[in-house]
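Engineer: Show me how the following folds:
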Amino acid sequence: MAVATMTAGEAYAAISSGAAIAGARVEGVLDFSVQSGRPWPSHFPEDLEVDVLNVAGQPIESLPRGLKTYELDLRDTPIVRLPDGLEVRSRLDLTGCDRLESLPAELTVGTLILRGCVALQAISEHLSVWFLDLSECWAFERWPQNATIRGGRLQLRGCTALRELPPYITRLSALNVRECPNLRSLPPDLVVTGWIDLAHSGLTDEEMLPVGVASAQLRWAGVNVDRRIAFHPEEIRIDELLEERNAERRRVLLDRYGYGRFLQDAAAELLDADVDPGGPRQLLRVKLPDDEDLVAMSCFCPSTSRQYIIRVPPQTPTCRHAAAWIAGFDDPNDYRPLIET
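Structural biologist: The predicted model follows:
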């Protein structure tokens, strides 16, 4: 029996009228995203094949059975799980699906984007992808026993619960483990042919990098760095930092040098000082060549007595203004905490 083929326009009309088009093939983009203004139909046809289906932002919690697409956009939907048998050949985007708990087993897709899926703790068995983005999946901690990541880019930024990479990941074009503090080792057979971003990860010593990663370009927060900056920040000199003309590279040098150490070694100017429940506060400034002034507030946590150095906008005039800005207030008169912990 021949499969009925229709345009996106014909599909819109048929779906809105309730016509039976189950099993049909839709050519082009079927756009039911919130931005399109079209409501998600109460009865979406099953066994539908669509080139591109966009339902971004719709309040849907499930998908129809038998769906086949080339690209599927589910960004910012409250979907909890995807149906078994779902077929997405090229790109599946689940960015911001903060209720997503599981993926179908044996999912095969070119690019899988799970950025910000904060409820996702594990991915499915026998997953097969080229490019995988798990950025800001805070709860993610369990890899499947069997899966294939075919040498593409693996984005893991902000996976704070992650402790390891599985041994079957052996070759990648790029690896981002920025802000993965509990990741303290990589598979011994891993080869990274492009770059690895290890800013604020648990990979704090170059001996932690396997031989196959040794020739990869190191990055710190997106900026190319050498091994000295990545692993030996104590060797960075204050004059080197102050004379650096590239703003992005200076930002990295500051991050590695440490704001507290920098303010002290650069003889920061005291702009303001007062006392809050945590103790003394200071607003300090260092003028930077060809860049805006670095202004930061030194303060102490009332509960732990731990000192914090927090950068604030360069035009900040007082500690009180700085504290308000840190708390999200533009007007310090609106910031009146009853108690600070």
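
Engineer: dump the residue contacts of residue 290.
Structural biologist: Applying C-beta atoms under 8 Å, 6 or more residues apart in numbering, we find residue 290 in contact with 245, 247. (Glycine included, C-beta is placed from N, CA and C.)

Engineer: Helix, strand, or coil at it?
Structural biologist: With DSSP: H, G, I helix; E, B strand; the rest coil as the basis, residue 290 sits in coil.

Engineer: what's near enough to touch residue 174?
Structural biologist: Contacts of residue 174 (C-beta under 8 Å, 6+ apart): 153, 154, 192, 194, 195, 196.

Engineer: Any figure for the gap between residue 159 and residue 136?
Structural biologist: 8 Å (C-beta to C-beta, to the nearest Å).

Engineer: where along this protein do the helices fall?
Structural biologist: Here the chain has its helices, by DSSP state H, at 8-17, 227-231, 238-243, 247-257, 259-265, 319-326.

Engineer: What residues sit buried inside the shortest one?
Structural biologist: Under the neighbour-count criterion of 16 or more other C-beta atoms under 10 Å, helix 227-231 has 229, 230, 231 buried.

Engineer: what sits up against it?
Structural biologist: So helix 227-231 is contacted by 198, 204, 205, 206, 218, 220, 235, 236, 252, 253, 256 (C-beta under 8 Å, 6+ apart).

Engineer: Relative to residue 144, which of those is nearest.
Structural biologist: Residue 144 has its nearest neighbour among the contacts of helix 227-231 in residue 198, at 24.3 Å by C-beta to C-beta.

Engineer: looking at it, the closest one is touching residue 217, isn't it?
Structural biologist: No: between residue 198 and residue 217 there is no contact under C-beta atoms under 8 Å: 11.3 Å.

Engineer: Comparing these two, which residue is more hemmed in?
Structural biologist: Per other C-beta atoms under 10 Å, whichever of residue 198 and residue 217 has more neighbours is residue 198, with 29 against 14.

Engineer: Distance check, the residue lying closest to that one once chain neighbours are set aside against residue 167.
Structural biologist: Nearest residue to residue 198, sequence neighbours excluded (C-beta to C-beta, 6 or more residues apart in numbering): residue 177, at 5.7 Å. Using C-beta to C-beta, we find residue 177 at a distance of 16 Å from residue 167.

Engineer: more crowded one of those two?
Structural biologist: Regarding residue 177 and residue 167, a neighbour count based on other C-beta under 10 Å identifies residue 177 as having more, with 24 against 11.

Engineer: Next one: the more buried one from residue 200, what distance?
Structural biologist: To residue 200, residue 177 is 9 Å away according to C-beta to C-beta.

Engineer: show me what contacts residue 49?
Structural biologist: By C-beta under 8 Å, 6+ apart, the contact set of residue 49 is 3, 24, 25, 26, 68, 69.

Engineer: Wait, the fourth one touches residue 6, no?
Structural biologist: To tie it back to what came earlier, the one meant is residue 26. Yes: counting by C-beta under 8 Å, residue 26 does reach residue 6; the two are 5.9 Å apart.

Engineer: These two: which is more packed in?
Structural biologist: More neighbours surround residue 26 than the other of residue 26 and residue 6, with 26 against 16 (other C-beta under 10 Å).

Engineer: For the more buried one, which residues count as its bridge partners?
Structural biologist: Judged by DSSP bridges, the bridge partners of residue 26 are residue 6, residue 50.

Engineer: Tell me the spacing between the residue nearest to residue 198 and residue 80.
Structural biologist: 28 Å.

Engineer: Could you chop this protein up by domain?
Structural biologist: 5-235, 238-334 (automatic domain parsing).

Engineer: can these go into CSV with extra columns for mean pLDDT?
Structural biologist: As requested, those are exported to CSV (pLDDT from 0 to 100):
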stretch, mean pLDDT
domain 5-235, 94
domain 238-334, 92
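
Engineer: Please identify the most buried of these.
Structural biologist: Ranked by mean neighbour count, the domains of the chain are led by domain 5-235 with a mean of 17 (mean count of other C-beta atoms under 10 Å).

Engineer: how long is that domain end to end?
Structural biologist: 66 Å (C-alpha to C-alpha, to the nearest Å).
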